[in-house]
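1. build me a model from this:
(one chain, ligands or ions: 2)
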Amino acid sequence: MASSHGATDNEHLVQSADPDHPANLICSLCRKFYTLGWVTGTGGGTSIRHHDHIFIAPSGVQKELMQPTDMFVMDFNKREYLRKPTVLKPSACTPLFLAAFTRGAGCCIHTHSQWAVLVTLLVERDFGKDTCFEIQEIEQIKGIPKGRGKVGNLGYYDRLRVPIIENTAHEEDLTESLEEAMEKYPDTYAVLVRRHGIYVWGDNVHKAKTQCESLDYIFQLAVEMKKLGLPWTK
Ligand SMILES: CSCCC(=O)C(=O)COP(=O)(O)O
Ligand SMILES: [Zn+2]
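-> Ligands and ions are numbered 1, 2, ... in the order given. Prediction:
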């Protein structure tokens, strides 16, 4: 059955009075992220896994104006859409979000933050080698977990490493190199995309959001440190 919105059935999957329902959360998070410059001009986005349901925003829309009924819902195991608003396409970031969910994430955030983009421009590409942003002895590093399956967060004297992959003409073509970076850096909860932005994931929405905030803070600081000629590592 089609609704006035142009959606197929299963509207009940995205309609709830609970502000913590994934369809409501994606909309409220993206409104917040818009004010931070993370999802402006339709770029960036957020996806949430709730049990075996993946909630995905539409592609090419103003992310701060989305409504819960705009959301796609995918069955994670079957990789089939349970809900597909007919007038919209699912986010081009979907295969990248799925890569994070396959590794146990409950939420994945993609931002086009200028701090993330600038950091990728300040780390030289070393052909034939992995490229990665590294920083240490910054208090906010404590906002980042040690790694999947490890207890607790990084300590002040630990080194934060965030791999950087090269951008591609189409978002979905980033999937292979994102997955490679996830394999090479099994402790990472984020991958930077040169000249594009960052993917950050977490065990749940709260962790993905606070990790993304910590990283953005660190990237801004790193850019300012570089301008002052201060080193990122000892
Ligand atoms: C100006 S946005 C270009 C596409 C992009 O990088 C992005 O993150 C948005 O993709 P979506 O399909 O979710 O709109
Ligand atoms: Zn993007």
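2. is the most centrally placed residue in the chain in a bridge, and if so with what?
-> The chain has residue 109 as the residue nearest its centroid, 2.3 Å off, counting by C-alpha atoms, centre = their mean. Following DSSP bridges, residue 109 is listed with bridge partners residue 46, residue 200.
3. from ligand 1, how far off is it?
-> With distances taken as C-beta to the nearest ligand atom, to the nearest Å, residue 109 is found 11 Å from ligand 1. Bear in mind the C-beta positions are built from the backbone N, C-alpha and C, glycine included.
4. and that residue, what is it in contact with?
-> By C-beta atoms under 8 Å, 6 or more residues apart in numbering, residue 109 lies in contact with 29, 33, 38, 44, 45, 46, 199, 200, 201, 208, 209, 212.
5. do residue 106 as well
-> Residue 106 neighbours (C-beta under 8 Å, 6+ apart): 48, 49, 50, 202, 203, 204, 205, 207, 208.
6. quick one: those as a markdown table, columns for secondary structure too.
-> Shown next, in a markdown table, are these (DSSP: H, G, I helix; E, B strand; the rest coil):
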| residue | secondary structure |
| --- | --- |
| 48 | strand |
| 49 | strand |
| 50 | strand |
| 202 | strand |
| 203 | coil |
| 204 | coil |
| 205 | helix |
| 207 | helix |
| 208 | helix |
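7. among the residues you listed, name the buried ones.
-> Buried subset of the contacts of residue 106 (neighbour count, 16 or more other C-beta atoms under 10 Å): 48, 49, 50, 202, 205, 207, 208.
8. out of these, which is nearest to residue 216?
-> When these are ranked by distance to residue 216 (C-beta to C-beta), residue 208 comes first, at 12.4 Å.
9. separation between that closest one and residue 164?
-> 19 Å (C-beta to C-beta, to the nearest Å).
10. likewise for residue 191?
-> Counting by C-beta to C-beta - residue 191 and residue 164 are separated by 8 Å.
11. also residue 16?
-> 38 Å.
12. which of those two has more neighbours?
-> residue 164 (21 against 13; other C-beta atoms under 10 Å).
13. for that one, name its beta-bridge partners.
-> residue 131, residue 192.
14. who's in contact with it?
-> By C-beta under 8 Å, 6+ apart, the neighbours of residue 164 are 120, 123, 131, 132, 133, 191, 192, 193, 194.
15. okay, who's weakest in those by pLDDT?
-> The member of the contacts of residue 164 with the lowest pLDDT is residue 131, at 94.
16. coming back round to it: out of the contacts of residue 106, the closest to ligand 1 would be?
-> Of all the contacts of residue 106, residue 48 has the smallest distance to ligand 1: 14.1 Å, by C-beta to the nearest ligand atom.
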